[in-house]
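Asks: Sequence first, then the predicted structure:
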Amino acid sequence: MIIFIKDRPVHILDELSAQKTLIHLAPDKIIDARLELLKVALLKGNVLILNASPITSEKLFHFLNNFDLPDLQSVYLVVKDKEAIEKRIKKMYAVIKAAGGIVVKDGKLLLIHRRGVWDLPKGKLDEGEKSKKAALREVEEETGVRAELVEKICTTWHTYTQGGQSVLKRTKWYLMRSIDDSRMVPQAEEQIDRLDWMTEAEVRTALIKSFSSIRYVVGCFLQQEPAVEQSKT
C-alpha cells in the first residue's frame, strides 16, 4: 500500500515484501522504532522506519498531516502486521472511493489539464457503483472520449482535507482503449481547460509539474506496457 500525504509517498510494507522492495534503496535515514523514538526532526530525505508498531504508525501520520516537512521525500514503513496497520490508518480518515483511467490511442496517452497541472481523468464513485463502470463514466464525462477497459493498472491512496475533515481517497486506475474521440471536449464544470493526446516522452515532460500520485500511476502503466501490447493482438 502506498499513501500519498501532501504529495509524498508513504510505502507500507510487511517484512517479507520489504526484503524485495528495499534491496536497491539507499535511505538517507534508518529508524528502528524499537530503539529510538520517532521525531519530526528525523523526517528528511528518504526515510526507512523498521519495526514500526501501530503507535509509531499513527505518530508518523500525525507528523505528516500536521507539520511542514520541506526536506522529506518519501517514507518506507516496515511493519509486522500490515493489514492491521492499514485498518488502523483508515480509521483516522473518512474514506472516499474513486476510479480513473489511462486512455490510449495510436500509441499516445490522454492527459487532461486541470487547475494548472496535467492530470488523468478520474472521479468519485456514485452510490452502489462499481469501480470499472465509474472509471469509464468519469473518462467520458471529463473528456467526451468513449473507451473500453483493457486491464487494471494499480490503486492509489492520497489524503486531503475537506470542510475540516481528513479524507483518504482510494482510486482504482484502469488502462483503456479509445473507441471514439470525435466528441472530445474538456469538462469545464470540473475546471478542465485542455485535453491532449501525448507520446510517452511528452507525458513525462508534462508530468514534471503534476502530482506524485499521477506520476506513480503512469509509471505503473509504463512497466506493464509489454503485456498491454500483447493484449491488443
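Replies: Looks like it arrived, so ask away.

Asks: Point me to the helix or strand that includes the residue of the chain most remote from its centre.
Replies: Farthest-out residue of the chain from its mean C-alpha position, per CA atoms, centre = their mean: Leu35, at 31.5 Å. Secondary structure from DSSP states H and E places Leu35 outside every helix and strand.

Asks: per-residue pLDDT, it?
Replies: Listed pLDDT for Leu35 reads 95.

Asks: What of Glu225?
Replies: 55.

Asks: what's the nearest residue to Asp28 if we skip its chain neighbours?
Replies: Spatial nearest neighbour of Asp28, chain neighbours left out: Gly45 (3.0 Å); criterion: CB to CB, 6 or more residues apart in numbering. Glycine gets a C-beta too; all of them are placed from N, C-alpha and C.

Asks: Any idea what the one you found is bridged to?
Replies: Beta-bridge partners for Gly45, by DSSP bridges, are Leu72.

Asks: can you list the domains in the chain?
Replies: Residue ranges for the domains of the chain, per automatic domain parsing: 2-90, 95-232.

Asks: Now do the strands in this protein.
Replies: With strands called from DSSP state E, the chain shows them at 2-5, 8-14, 29-32, 45-52, 72-79, 94-105, 108-114, 117-119, 122-124, 146-162, 165-180, 192-198.

Asks: Just send those strands back as a markdown table, with mean neighbour count, mean pLDDT and distance to Glu140 too.
Replies: As requested, the strands of the chain are exported to a markdown table (neighbours: other CB atoms under 10 Å; pLDDT from 0 to 100; distance: least, CB to CB, whole Å):
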| stretch | mean neighbour count | mean pLDDT | distance to Glu140 |
| --- | --- | --- | --- |
| strand 2-5 | 21 | 94 | 26 |
| strand 8-14 | 19 | 94 | 30 |
| strand 29-32 | 15 | 96 | 45 |
| strand 45-52 | 19 | 95 | 39 |
| strand 72-79 | 22 | 95 | 34 |
| strand 94-105 | 20 | 96 | 10 |
| strand 108-114 | 21 | 97 | 12 |
| strand 117-119 | 18 | 96 | 16 |
| strand 122-124 | 18 | 96 | 11 |
| strand 146-162 | 17 | 94 | 6 |
| strand 165-180 | 18 | 95 | 10 |
| strand 192-198 | 16 | 97 | 12 |
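
Asks: what would the ones you listed look like in JSON lines with distance to Glu138?
Replies: Below are the strands of the chain laid out as JSON lines (distance: least, CB to CB, whole Å):
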{"stretch": "strand 2-5", "distance to Glu138": "19"}
{"stretch": "strand 8-14", "distance to Glu138": "23"}
{"stretch": "strand 29-32", "distance to Glu138": "39"}
{"stretch": "strand 45-52", "distance to Glu138": "33"}
{"stretch": "strand 72-79", "distance to Glu138": "28"}
{"stretch": "strand 94-105", "distance to Glu138": "6"}
{"stretch": "strand 108-114", "distance to Glu138": "11"}
{"stretch": "strand 117-119", "distance to Glu138": "12"}
{"stretch": "strand 122-124", "distance to Glu138": "4"}
{"stretch": "strand 146-162", "distance to Glu138": "11"}
{"stretch": "strand 165-180", "distance to Glu138": "10"}
{"stretch": "strand 192-198", "distance to Glu138": "11"}
